[in-house]
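**Q** Give me the fold of what follows.
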Amino acid sequence: SLGRVHIHAPAPAEPAGCAAAVPGGGEVVVGVDGGSTTTKAVVLSLAEGRILGSRYIPTHGDPLGALADIMGHLSKTLGELPVAGLCTTGSARKLYERVLASPSLRRALEEEGNHVPDAAVDEITCHAVGARSMDEGVDTIFEIGGQDMKFTTFRRDGDRVTDEVDEARMNYSCQAGAGQTLENMSTILGLDVAGSLQESALEAERVPVIDATCGVFMELEEQRLIAENHSAPEIAAAIVRATASSYFNKFVGGTRLVGRRCSCQGGPALGKAFLAAMADVTGRDIHAYPGRELMGALGAALFVRESVLSARREGRKTASSFRGWDAASGGFSHQETTCPAHFGARSCGKRECKLKVYTIGGEEIVTGGFCPLGDSEGSGRARPDYVALFHSLVEKHFQGLPLGSLGAVERDGRPRVGIRRATSTIGGRAVWSSALFSSLGFLPVLTPVSNEEISRLGLRHSPTDFCVAMKLSAGHTALLAADEGVDHIFIPSLIRRVRDKTPSHMFCIYTEAEGFLPEDDLGLPKGKVIRPVMHLGDRKQMARSLEKELARVGHRFSGQQINEALREANAR
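**A** Numbers count the residues shown, from 1 in each chain. Just a heads-up that it's a prediction; the model follows:
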C-alpha cells in the first residue's frame, strides 16, 4: 500500500544559533515532550514560528537524564537566545515543568503584572496543534507512542476542517500493542523500529497473518513464526502490520470515525512499512509530515508561542519563569521516600506510594506516579485525591461488606460471594454486582484496593505473560480464594457491550476468558467461581446466562427472580 502513503518533504533548513539570525529580538519558545520511551524538544523563533533546533533521544528509563541531554544539546547553539515561553507535554510533563520553570519566579512575575505563558499541556492537544500546523486540512490523527496510543478527529464544516475536536481517545490502561511492544519484537530480530525493521518488512514477499488482538499475543506469535523458520523480512512485515491492525481495529474501532485526510505520527511512523500498513488496514491515504516523531514537542512550542503572542496583541506584558538551559543538569538533589514518611498526617494512610523528592533552587518538587500528593505543584499544595474519592464512592454504594470485616461477622445463612476490585468488576460494575447478588439473597464481599500483597499474589498466580491489569485481577482472585469465609467468586466473562445506535464495544480477549482461568491456576473446586458469559445491554442473554450459571454452582432461581435482580442492579 505504498501508493497510498504521502511523505511530505521538510522545509529548507533555517539559520539559527545567534540572535541576529532570529527576528523579533531573538526570542524563542521551547516545547518539550517527555514520553515513556523517547524524549523530544523543539525550539521555535517567537516571531515567525520557524524551527531553530530539535532533539529526539531514547529516555532509557531516566527522564531527568534525557532532559539534561536534550537541553544541553540545544543550548550549544541556542543558549544565548532569550526564552519567551516554555511548554511541556507527555507523561513526564509535570516533572519537566517543575524542573524547567520556577513556581516562585512565576508568582513574582505575575505580581508584577506579567502574563506567564509557561504551561504543561496534555499530549492530545499538542499532537493536534502540531499536525494542524503542517496541514490545516488534516481531520484525523493517528499517533502511536511508546506506551500510549492516541486518536483524534476534527469536525468538518463542508469542505473546511474546523478546530473543534470531534473525537479524542488515549489508552489509559492497556499498553499492549503500542510502540514499546513493536520495539520489543524488533529487538528479538536484531532490528530497530524506525530503520532496519521497516526496510526488512518492505522486502517481504508475503506477510504472515498473526493474532493482533493483543500485544502480548503478538509477541507469542512472533516466537511461533521464528520456530516455523519464516524469514526475517516476513516476520518483520507480520509484526509491523499486526501493530497497525491492533491499533486501528482494537483502539480506533475501525473506519466509522475516520475522516478524509489522515496524519500518522509517532516513532513507528518514521518508517515507510508502518505507514503502508496503516494505509492497508485503514483503507485511507496516509500523510506523513516532516518531524512526525517530534509532533508533540512541536505542538507544545506552538501552543506557548500563541499564548505569548495573544497576550502581547492585547497589550499585556509577558515573561517566562524558565530557570535556564542548565536547570536539568544536576543543580538539584533528590531522595526517594514514601508518601506517609514525607507528608505524615497529610498522607491518606491507605497506600505506601513511593515518591521522589527533588530540591532545586530552594524549591521542593514532589513526584510519584498515581499519588495525588506526588502530582502536586510542590509539597505545600496537594490536589484532591480523586483515587481515594473514587474508591470511597464504590464502598459507599456497595451493598455488602469489605473482605477485611468478614471475619467479624457471623454467618446468617446467606451464601457469600466475592466481588473483585479489578477488571470486569471494578468501579461501577462492583456496585452493580453487589446489587445483583444482594437482591438474590447473597452477601457480597468486596476486596480491598490493589496493594503490594495483591500485586505479589497476582505475579505468583499469573500463568503466562499477562498484562498488569490481569496480574492484579489474579491477585484479587487469589486473595478471595484464600479466605474460607468466601463461598463463591464472581468473575463474569464480558464479551461485548450492546448499543442501540453505535457498534458494540468488544472487551479484551483476556477479560472474555478470565472467569475460566482460576480453577486451574488456583486449584479451586468446581462451583467456586460464578462465571456467566455476558453481553452487557442484552438483558435476555444476561438473564439466561446467569440463571444457567447459578444453577451450575448449586443456586436455582426462576427467570422472574433473575430479571428482577437485573432490574435492581441496573437501577444502581
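**Q** all helices for the stretch 351-500 of the chain, in order.
**A** 386-397, 428-439, 452-461, 468-481 (DSSP state H, counting those that start in this stretch).
**Q** Please work out which of these is packed deepest.
**A** helix 468-481 (a mean of 24; mean count of other CB atoms under 10 Å). Glycine gets a C-beta too; all of them are placed from N, C-alpha and C.
**Q** List the residues that contact Val486.
**A** 403, 406, 416-418, 445, 480 (CB atoms under 8 Å, 6 or more residues apart in numbering).
**Q** Please report how far it lies from Met470.
**A** Distance, Val486 to Met470, by CB to CB, to the nearest Å: 21 Å.
**Q** what pairs with Arg156 across the strands?
**A** Taking DSSP bridges as the rule, Arg156 bridges to Val161.
**Q** residues near it, how many?
**A** Using other CB atoms under 10 Å, Arg156 has 16 other residues around it.
**Q** if we can go back for a sec, for Ala212, which of the helices of the stretch 351-500 of the chain is the nearest?
**A** Closest to Ala212 of those, according to CB to CB: helix 468-481, at 18.1 Å.
**Q** distance between the closest one and the chain's centre?
**A** 21 Å (CA atoms, centre = their mean, to the nearest Å).
**Q** what is the orientation angle of it with helix 452-461?
**A** 100 degrees (axes from the mean of the first three to the mean of the last three CA atoms, to 10 degrees).
**Q** and helix 468-481, average pLDDT?
**A** For helix 468-481, the mean per-residue pLDDT is 93.
**Q** ditto for stretch 413-430
**A** Averaged over stretch 413-430, pLDDT sits at 95.
**Q** Check which residues of it are buried.
**A** 415-426, 429-430 (16 or more other CB atoms under 10 Å).
**Q** returning to what we had before: how about the helices of the stretch 351-500 of the chain in TSV, adding distance to Leu298?
**A** Formatted as TSV, those follow (distance: least, CB to CB, whole Å):
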stretch	distance to Leu298
helix 386-397	31
helix 428-439	38
helix 452-461	38
helix 468-481	31
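**Q** surely Met470 meets Leu459?
**A** No: Met470 lies out of contact with Leu459 (CB atoms under 8 Å); the separation is 11.1 Å.
**Q** joint contacts of those two?
**A** Counting by CB under 8 Å, 6+ apart, Met470 and Leu459 have no common neighbour.
**Q** low-confidence ranges in this protein?
**A** Along the chain, segments meeting pLDDT under 70 span 11-25, 172-177, 330-332, 349-351, 361, 368-384, 463-465, 500-504.
**Q** So which elements touch the helix ranked longest in it?
**A** Counting by DSSP state H, the longest helix found in the chain is helix 295-313. Secondary-structure packing of helix 295-313 (3 or more CB pairs under 8 Å, 6 or more residues apart in numbering; DSSP states H and E): strand 28-34, strand 38-45, strand 83-89, strand 119-120, helix 123-134.
**Q** Let me have those in JSON lines, extended by mean neighbour count and distance to Gly195.
**A** Converted to JSON lines, the helices and strands packed on helix 295-313 look like this (neighbours: other CB atoms under 10 Å; distance: least, CB to CB, whole Å):
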{"stretch": "strand 28-34", "mean neighbour count": "30", "distance to Gly195": "21"}
{"stretch": "strand 38-45", "mean neighbour count": "26", "distance to Gly195": "14"}
{"stretch": "strand 83-89", "mean neighbour count": "29", "distance to Gly195": "26"}
{"stretch": "strand 119-120", "mean neighbour count": "19", "distance to Gly195": "32"}
{"stretch": "helix 123-134", "mean neighbour count": "24", "distance to Gly195": "23"}
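**Q** Between strand 38-45 and the longest helix of the chain, find me the angle.
**A** Using the same axes, to 10 degrees: helix 295-313 against strand 38-45 is 30 degrees.
**Q** buried sites along helix 295-313?
**A** For helix 295-313, a neighbour-count test (16+ other CB under 10 Å) marks 295-309, 311 as buried.
**Q** What of stretch 53-65?
**A** 53-56, 59, 63-65.
**Q** Stretch 94-112 now?
**A** 94-103, 105-106, 109.
**Q** got a list of contacts for it?
**A** If you take CB under 8 Å, 6+ apart as the criterion, stretch 94-112 is touched by 30, 32, 34, 63-64, 67, 71, 86, 88, 90, 116, 118-120, 317, 319-323, 327-328, 332, 358, 360-363, 365, 367, 375, 377-378.
**Q** Quick one, which of these are buried?
**A** So, by 16+ other CB under 10 Å, the buried ones in those are 30, 32, 34, 63-64, 67, 71, 86, 88, 90, 116, 118-120, 319-323, 327-328, 332, 358, 360, 363, 365, 367, 375.
**Q** Distance to Glu514 for the helices and strands packed on helix 295-313 - can I get that in a markdown table?
**A** Formatted as a markdown table, those follow (distance: least, CB to CB, whole Å):
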| stretch | distance to Glu514 |
| --- | --- |
| strand 28-34 | 34 |
| strand 38-45 | 33 |
| strand 83-89 | 35 |
| strand 119-120 | 37 |
| helix 123-134 | 30 |
